[in-house]
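> sequence and predicted structure, then a few things I'm wondering about:
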Amino acid sequence: MYAPQILIEAALNGLMTGAVYALIALGLTLVYGVLHIINFAHGALLTVAMFAVWGAFALVHVDPYVAMIAIVPLMFGLGYGLQRFVIGPASHGNDNNVLLVTLGLSIVLENGLLALFTSDTRALDSDAALQVIELGPLLLSTPRVIGFVAALAVTGLLWLLLNRTDTGRAIRAVAREKLGARLVGIEVDHVYAVTFGLGCACLAVAACLLMPTYYVNPRSGAAFVLVAFTIVVLGGMGSIAGALVGGLIIGVVESFSGLLLGDSLGQIGIFLIFILVLLVRPAGLFGARA
Amino acid sequence: MNARDLLPLILVLSVLAALPFLGLSGSVLNFLVTTLIIALAGLGWNVLGGFGGQYSFGHAAFFGTGAYATAILQMKLGWNAWGALGAGIGLGALVGLAIGYLSFRAGLRGSYFALVTLAFAEVFRILANAADFTGGAAGLLLPLRPGLATLQFADRKLFYLLVLAFVGVALLISRWLERSRFGAHLIAVRENEEAARALGVDALAVKLRAIALSAAITGAAGGLYVQSFLYLDAGVAYGTWISVEALLAPIVGGIGTAFGPLVGALALQGLGEITKHLAGGVPGVDLVVFGACLIAVIAFAPRGLLGLRRRPRKARAVPVGA
Amino acid sequence: MTSILAPSRRAVLRTGLAATSLVAMPAILRAQGAAVKLGIIQPVTGALANDGDLGKLGAELAVQDINAAGGLKALGGAKLEIVFADSRSNPETAAQETERLNGEGVAAIVGGFGSGLCATASQAASRYDLPYLIDVGVADQLTKRGLKNTFRFSPSFGMVTKNALERLVALNDAAGKPARTVVIVHEDGLFGSGLAKLLQTELPKLGFEILETIAHPSPARDMANVVLRIRSLQPDLVIPSNYYGEFVLLARTMLQQRVRPKGIYAILGGGASSLRFVKEFPQAAEGVMDCNHWPDPKNPLTAELRKRTEAAGRAFAYNVPMNYSAVRLMAEAIEKAGAPDRQKIIEALSTQSFGSGVMPYGQSKFDTGQNTSAMPLNTQVQGGDVKVIAPEAFAEAKANFPLKA
């Protein structure tokens, strides 16, 4: 068996990774909760954001954390535009069609990036990835600690936005009762697009937090999609708090099952939880209703 | 079913059966074989997704089971290829029943059902990639032995006709669903499960039968795939690509219609072939065009390609607020 | 991108010109001008796109050079013309594209990359007795299916591991046996898993103790746990076998977590002999060893190829010299066959021996499809560059082993 120190480190690693997963899941759950669609383009949009971070660093020499200031609004705009002018009109409000449109979109984005940037795998060649915070015998990766704190902060901000602002109230109204919201004068299409934009903004933050330690190629976002789905289900589709808690749980589960079963078979732990939750409590931990 | 129901079916099948004798190149023939295999997987998906309204994102679980069983029974147990393919279809149906039993009993529908099937397929993929009897990550290479007993034909035309025969059976089943009592029950469950139950339809039994049938057809597609390419690994068998192909074909062609999956598969695979010539040497450009075309098709033919030529027979459930 | 595009566009122009000038020429001269079509198949989209891209570049450079030097001399100076096919990293498309290449009348096919892609493509080609030369596709079974048309230029899996183990023992013995305990970190796909299985049976026989075998998926999101386990086990030697992205994550995380084993000895490692990795993360790359496909450093063409690859805006990796050499070998086979006749080319490939371009294979000779002269080289990252350290005949530098803690 492993020494306690290793177990503690594995748990901390899991929490830090889980927080960033949560951020990615946040975008997905928000879009699901409001638009009731499963966004297949989520992974590709994450890749777009990651390329933006890489581009800012490699071409303009901007630190990923600073680049956030520009990339978050840009990704919000991209998401807003995509929902308002592509996904919405092309899908005619039919869920099957949303599925196909987002699938088509992911093909376009992924291969567009391939055509533009080639298939090379790129990473930020900065020393930031190697910095650690020494906590007694523990070595915590500085960028991942920053990622953990930032992910929690962004989740909190999103919660405030949804619960304390007019925009947030409109989003929640549309999520609950689309027809009613329209009747009281809420512009549903606009709210949809704002929601999708917020989902993309979450991805932008996630990309800025990931890139100091990760790499990007035209397919790297796909690695995070299934795990994000799992978190969304575990937390309850549409639940912000659920995504955060779900993300942290999945991070720790992945970390321990990786430690015990190896990273490869360890992935099964995630999917088994996923299936069990769906079968036993499909509403998830925080979902109000199935 | 009467003669009028069967006429279009016979007509389409005859045209398709005549195709290879028009002096098509090997390339076109191979394209048609692949397309028909995908159409078959889509026809399977359509039974559950189209007629039954239960959207699966994990038909790879059935495709892969059919494929692995067909390959492994031949390679490790020395079965005859026909027997192995039959067993693959049966095992595919069993996996369908098991997944269906677990998820329908738990009352999963809509996105929840979609996601649970996706997760099952992923579990299968990870296990197949790690297990020994599946050849692990190295995959399986079926030995090349042309012959009737091994279901490998030196002449590609014969294999094409074999796949077409399977597609014919699947089309017949779809037609039967449109006309039979079971089909009516299935559609009733799709439109309103509570109402159907109130009328005395055993919704669980209907859905279970549908998923078993659906999985069997898709399992057959898997078995034929491995017979055609003689190669299989976990990513091919249980990868998301086939789950996506299996649902794309019917939705693009016309969901819940007998011919939808066939039309959809032909259109999508054809589009894929045509766009290949547009790359102009820059990798990725062709697929960008493909994705854009996919979006355009949905934008202009929201009911699928077959929906373009006629009004839907019955009003669909209108989404709230649409 | 333009520099990659340019040769093929020029090739098109050239054949176009040749075709128009043919009309005016007397019939006798016509035969010598006719270009020989060569199919090149690589995955330039999808999961394996990066390898496919580099492989394609290598093939294009070879055709450029062959044509610039006067084409296929035995065929009256006929030029080679590439017909390119993208297998999209999936086995069905590989087969479908092979059918297309056959339809376009290619004399032979070179390429593949990835065992699954090679398996279906070479099988489709076998239907037309179309000679197929696999660049890299390590699964041993590829040449054991009884396909008469299929040849593999690079070493098979069994050959690579055999070499890798022999050289590891020699390295360890020469340094006074500092390494005894081993942790294997491999990707769970074909080459990583197959390798791990072989190592698990072979390493103990050679006196090594395997502390743990860790599999991870590709793409992996995180290597923190893998490194955590390595740290707790404190092995003398880490043997990784993974793709580029994962290897970079592993090496960086190890550096960050201050895990410094006596050696990192990769086998078919994706990053260990990549100049991109060396350039971007010199600190993490320093000292890493790899037993992998690699060109002969003493051949002056190798350095030239590296320059041309970098001029095309790409980082040099083994795919370029491998495909460059494979295409040259195929050209030689066509010349030895005396005509772009498929049967005669297969005959030539099965019976004769060929130059190996810039690969360290001496004279390549095929036995039931496998190039028996093929072998990997051992490299080590030293002073920000990849240096060959074994075998002796190709070594540019002495191995730095064990590494200072």
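Yes, it's here.
> I'd like the next helix or strand past the helix or strand hosting B:Ala184.
Using DSSP states H and E, B:Ala184 sits within helix B:181-191. Next along the chain after helix B:181-191, taking DSSP H and E as the criterion, comes helix B:193-198.
> which strands and helices lie in contact with that following helix?
Secondary-structure packing of helix B:193-198 (3 or more C-beta pairs under 8 Å, 6 or more residues apart in numbering or on different chains; DSSP states H and E): helix B:181-191, helix B:203-229. All C-beta atoms are positioned from the backbone trio N, CA, C, and that covers glycine.
> pull out the buried positions in that helix.
Buried positions in helix B:193-198, judged by neighbour count with 16 or more other C-beta atoms under 10 Å in any protein chain shown: B:193, B:196.
> and for stretch C:364-379?
Within stretch C:364-379, the residues scored as buried using 16+ other C-beta under 10 Å are C:364-366, C:369-371, C:373-379.
> quick one: end-to-end length of it, please.
In stretch C:364-379, first residue to last residue: 22 Å (C-alpha to C-alpha, to the nearest Å).
> re the thing from before, so which of the buried residues of stretch C:364-379 are in strands?
C:364-366, C:370-371, C:377-379 (DSSP state E).
> how many neighbouring residues does residue 53 have?
No chain in the question, so chain A it is. 26 (other C-beta atoms under 10 Å in any protein chain shown).
> switch to chain B, that's the one I care about
22.
> cool, A:Gly180 as well?
A total of 12 residues lie near A:Gly180 under the criterion other C-beta under 10 Å.
> surely it is in contact with A:Val174?
No - at 9.1 Å, A:Gly180 does not count as touching A:Val174 under the criterion of C-beta atoms under 8 Å.
> which one of the helices and strands packed on helix B:193-198 is the most hemmed in?
helix B:203-229 (a mean of 26; mean count of other C-beta atoms under 10 Å in any protein chain shown).
> mind giving me the packing neighbours of that one?
On a contact count with 3+ C-beta pairs under 8 Å, 6+ apart, helix B:203-229 meets helix B:26-46, helix B:60-77, helix B:81-105, helix B:156-179, helix B:181-191, helix B:193-198, helix B:240-253, helix C:91-103.
> export the ones you listed as JSON lines, with columns for distance to C:Glu396 and mean pLDDT.
Shown next, in JSON lines, are those (distance: least, C-beta to C-beta, whole Å; pLDDT from 0 to 100):
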{"stretch": "helix B:26-46", "distance to C:Glu396": "46", "mean pLDDT": "94"}
{"stretch": "helix B:60-77", "distance to C:Glu396": "45", "mean pLDDT": "96"}
{"stretch": "helix B:81-105", "distance to C:Glu396": "53", "mean pLDDT": "96"}
{"stretch": "helix B:156-179", "distance to C:Glu396": "51", "mean pLDDT": "94"}
{"stretch": "helix B:181-191", "distance to C:Glu396": "69", "mean pLDDT": "94"}
{"stretch": "helix B:193-198", "distance to C:Glu396": "72", "mean pLDDT": "92"}
{"stretch": "helix B:240-253", "distance to C:Glu396": "43", "mean pLDDT": "92"}
{"stretch": "helix C:91-103", "distance to C:Glu396": "36", "mean pLDDT": "93"}
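> so which of those helices gets nearest A:Val225?
Between A:Val225 and the helices and strands packed on helix B:203-229, the shortest gap by C-beta to C-beta is with helix B:240-253, which sits at 9.7 Å.
> which other helices and strands does the closest one contact?
helix A:95-117, helix B:26-46, helix B:60-77, helix B:110-130, helix B:203-229, helix B:260-276, helix B:285-300.
> what's downstream of the fourth one, the next helix or strand?
Later in the chain than helix B:110-130, the nearest helix or strand by DSSP H and E is strand B:140-141.
> stretch C:361-381 vs chain B: in contact?
No - looking at stretch C:361-381 against chain B by C-beta under 8 Å from any C-beta of the partner chain, there are no contacts, and the closest approach is 13.3 Å.
> that stretch close to chain A?
No - using C-beta under 8 Å from any C-beta, we find that stretch C:361-381 stays clear of chain A, coming within 15.2 Å at best.
> what about that stretch, average pLDDT?
Stretch C:361-381 shows a mean pLDDT of 95 in the predicted model.
> so for the longest helix seen in chain A, what's the average pLDDT?
The longest helix of chain A (DSSP state H) is helix A:4-35. For helix A:4-35, mean pLDDT rounds to 91.
> touching, B:Gln54 and B:Lys207? I think so.
Yes - counting by C-beta under 8 Å, B:Lys207 is a contact partner of B:Gln54 at 6.5 Å.
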